[in-house]
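K.L.:
only geometry, no sequence info:
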């Protein structure tokens, strides 16, 4: 089963990378605001049952993929096409 | 209008960060494969019409947010709750 994890800086946490991107976009003439940069992690997990897979990816997030103090994460699962 | 851009390394492009994460996950005991790491960019754009907004975000991707040689991007738009 394929899992996609979106890891984003939590609200209120400073995001210098987002600020830099926003300022560059404005210099290029785009009217944008509130730019925030996070990571996307795509993974194949062995579990075929969505509940098991989600629980396993959640453990990965807590142990390695995200820093729960400053980042939030969102897990999406999808079956590979048969 | 809110835009979310997912920027990922193209297929076949080496992704050392993904390899490092995959190897760390395996060392932690997780049975995973095919880990790939990309970026997620959240933005507020001024355009309120989805077609205009998408075209504008596409230009941002081509000019700044993604490197089209080695990265692919995906644009998602959502209305902020009224």
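P.N.:
Okay, I see it. Here the structure is a predicted model, which is why all the values come from computation and not from measurement.
K.L.:
so residue A:47 makes contact with residue A:59?
P.N.:
No: the criterion here is CB atoms under 8 Å, and residue A:47 misses it with residue A:59 at 11.4 Å. In this view, the C-beta of every residue, glycine as well, is placed from N, C-alpha and C.
K.L.:
could you check how far the most far-flung residue of chain A relative to its centre is from chain B?
P.N.:
Computed with CA atoms, centre = their mean, the maximum C-alpha offset from the centroid of chain A is found at residue A:29, amounting to 27.4 Å. Using CB to the nearest CB, to the nearest Å, residue A:29 is found at 10 Å from chain B.
K.L.:
phi, psi of that residue?
P.N.:
For residue A:29, the backbone dihedrals (degrees, to the nearest 10) come out as phi 100, psi 10.
K.L.:
could you pull out the strands for chain A?
P.N.:
A:2-9, A:32-45, A:71-78 (DSSP state E).
K.L.:
residues in contact with the residue farthest from the centre of chain A?
P.N.:
If a contact means CB atoms under 8 Å, 6 or more residues apart in numbering or on different chains, then residue A:29 has no contacts.
K.L.:
which pLDDT does the model give it?
P.N.:
If you check residue A:29, the pLDDT there is 97.
K.L.:
please apply the same query to residue A:80.
P.N.:
So residue A:80 comes in at 67 (pLDDT).
K.L.:
check contacts around residue A:2.
P.N.:
A:42, A:43, A:44, A:45, A:77, A:78, A:79, A:80.
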